[in-house]
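> below are the sequence and a predicted model for it; my questions follow.
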Amino acid sequence: MVLLDRALPLAGLFPASIRIAGIVLLTAGFLMIAAVGLLLLRRDTEVHTFGRPRKLVTEGLFRFSRNPIYLGFLLSLIGVWIYLGSLSPVAGCLIFFVVADRWYIPFEERQLERAFGPAYGTYRAGVGLWLWFLRG
């Protein structure tokens, strides 16, 4: 994203006065990732995408999103984009979103469905993929 901003800064979208919001989003995203990672470690289950889940965790930020780590990464990337201020870095946000939404998340959901069956189905029905109010 930084390379895109430097090499091809298509348009200046965000004035310097708004760029501080980028730092806030970047920090919030990192804090989300850390909080969820620690929760998974405390619950003795898998943190890595391709690892085998050992426990279904539905507490903490998992009450609001089935994918709070990916949401944290996306918030951080949006923060970087706002901080950089030009249009071109949004490509990094979009690429991450599409890859996570179409490849990583479906893989993880299949793993969770196999491991936890109806319990995961119930959880999935009540919590949105990215956010609680976006069912899917």
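Received, thanks.
> now the one helix or strand Leu41 maps to, how far from the chain's geometric center?
Using DSSP states H and E, Leu41 sits within helix 16-42. In terms of Cα atoms, centre = their mean, to the nearest Å, the centre of helix 16-42 is found 10 Å from the chain centre.
> other SSEs contacting it?
helix 68-84 (3 or more Cβ pairs under 8 Å, 6 or more residues apart in numbering; DSSP states H and E). (Glycine included, C-beta is placed from N, CA and C.)
> what angle separates the helix it packs on from helix 16-42?
Per axes from the mean of the first three to the mean of the last three Cα atoms, to 10 degrees, the angle that helix 68-84 makes with helix 16-42 is 160 degrees.
> what residues does helix 68-84 touch?
1-2, 5, 14, 18-19, 21-33, 36-37, 60-62, 65, 89-90, 92-93, 96-97, 100, 104-105, 130-131 (Cβ atoms under 8 Å, 6 or more residues apart in numbering).
> buried stuff in the helix holding Leu41?
Of all the residues in helix 16-42, those buried under the rule 16 or more other Cβ atoms under 10 Å are 22, 25-26, 29, 32-33, 36, 39-40.
> reformat these as TSV; add distance to Lys55 and pLDDT.
Converted to TSV, these look like this (distance: Cβ to Cβ, whole Å; pLDDT from 0 to 100):
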residue	distance to Lys55	pLDDT
Gly22	35	94
Leu25	30	96
Leu26	30	97
Gly29	24	98
Met32	20	97
Ile33	19	97
Val36	14	97
Leu39	11	97
Leu40	9	96
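> for Gly51, see how far away Arg124 is.
19 Å (Cβ to Cβ, to the nearest Å).
> those two: which is more packed in?
Neighbour comparison, Arg124 and Gly51: the larger count goes to Arg124, with 17 against 11 (by other Cβ atoms under 10 Å).
> helix or strand: which one has the more buried one?
Counting by DSSP H and E, Arg124 is found in helix 105-126.
> confidence score at Arg19?
pLDDT recorded at Arg19 is 83.
> that older thread, so what touches the helix holding Arg124?
Contacts for helix 105-126 (Cβ under 8 Å, 6+ apart): 49-50, 52-53, 56, 58, 66-67, 70, 129, 135.
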